[in-house]
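S.K.: one predicted model, sequence on top.
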Amino acid sequence: MLPKPDKTKKKSVEQLDILDSLSIEKKLQNKRRFILFVLILTVGLSLCFWIYTFIKRTLSSPPTLSLSLNLSRFNPQIILPNKLDIKKEIYDILGNNASNWLVLYQTNPPTDNFYWPDNNTNSFFTGNTSKIMNDLDKLEVNPSLITDALPPGASVKQSVFSQDNINEWRFLISVPQKQILMMFRFTGSVESAQKILPLLVEKLYWFSLKS
């Protein structure tokens, strides 16, 4: 009769095979981890060396920023018109209706004046401007159609006359150390004149700063 196989020995062999397989797999995992660690360490050291070199080079010769600012670009200049300029600018505003307008400008103290057209002998230009200024100065300051054409702080007193399609505006503009008389007479539609008046006043006001 044959002896029975030793089942205990068979189980032991199988267990040893399993342990060997696990040991080999663990060794492979450890090897992969070691290789990955070496790669990370190498990259990290290279990066640290590059940063160190960059900082050292920067500190030894820091870059210089060359900022060249042209301050004149940020320095706005107001170019004030002279008499030749103001005549041209007034003509450009009046356009085709230039012959329908009479314009008088005078300062108090009387440092400067302007007439449009300058060769006109109309009585509009020969009146007593001092009396006109005094009469206007007695009036109250009220909102005017030219207020927005002037800087803040300028006060305006005005009188308006209209007869037979002839419209006349008289403005006394008060600014520090000066009064400005502006008189306008227009033959034609008052609506079209009111659109042009603020433009005329604005040009003459900036002209007055030069006088």
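M.R.: Cool, the structure landed.
S.K.: can you name the residues that contact residue 85?
M.R.: If a contact means C-beta atoms under 8 Å, 6 or more residues apart in numbering, then residue 85 has no contacts. Any C-beta I mention is one placed from the backbone N, CA and C, and that applies to glycine too.
S.K.: that one: what secondary structure?
M.R.: Here residue 85 is recorded as helix under DSSP: H, G, I helix; E, B strand; the rest coil.
S.K.: against residue 146, how distant is it?
M.R.: Relative to residue 146, residue 85 is positioned 21 Å away (criterion: C-beta to C-beta, to the nearest Å).
S.K.: got it, and residue 52?
M.R.: From residue 52 over to residue 146 the distance is 72 Å, taken as C-beta to C-beta.
S.K.: could you check which of those two has the larger neighbour count?
M.R.: Relative neighbour count places residue 146 above the other of residue 52 and residue 146, with 23 against 10, counting by other C-beta atoms under 10 Å.
S.K.: quick check: the more buried one touching residue 197?
M.R.: Yes. Assessed by C-beta atoms under 8 Å, residue 146 is found in contact with residue 197 at 6.1 Å.
S.K.: mind giving me the domain ranges of the protein?
M.R.: Taking automatic domain parsing as the reference, the chain has its domains at 12-64, 83-208.
S.K.: kindly reformat those domains as TSV containing mean pLDDT.
M.R.: Below are the domains of the chain laid out as TSV (pLDDT from 0 to 100):
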stretch	mean pLDDT
domain 12-64	71
domain 83-208	88
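S.K.: highest mean neighbour count out of those?
M.R.: Each of these was given a mean neighbour count from mean count of other C-beta atoms under 10 Å, and the largest, a mean of 15, is that of domain 83-208.
S.K.: what about the helices in this structure?
M.R.: In order along the chain, the chain carries the following helices (DSSP state H): 7-60, 83-94, 129-137, 190-208.
S.K.: so can I have a markdown table of those showing distance to residue 105?
M.R.: What follows is those, written out as a markdown table (distance: least, C-beta to C-beta, whole Å):
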| stretch | distance to residue 105 |
| --- | --- |
| helix 7-60 | 65 |
| helix 83-94 | 9 |
| helix 129-137 | 10 |
| helix 190-208 | 5 |
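S.K.: any idea which of those gets closest to residue 162?
M.R.: With C-beta to C-beta as the criterion, residue 162 lies closest to helix 190-208 of these, at 6.6 Å.
S.K.: hey, what's the angle from that closest one to helix 83-94? Just curious.
M.R.: Between the direction of helix 190-208 and that of helix 83-94, the angle (axes from the mean of the first three to the mean of the last three C-alpha atoms, to 10 degrees) works out to 160 degrees.
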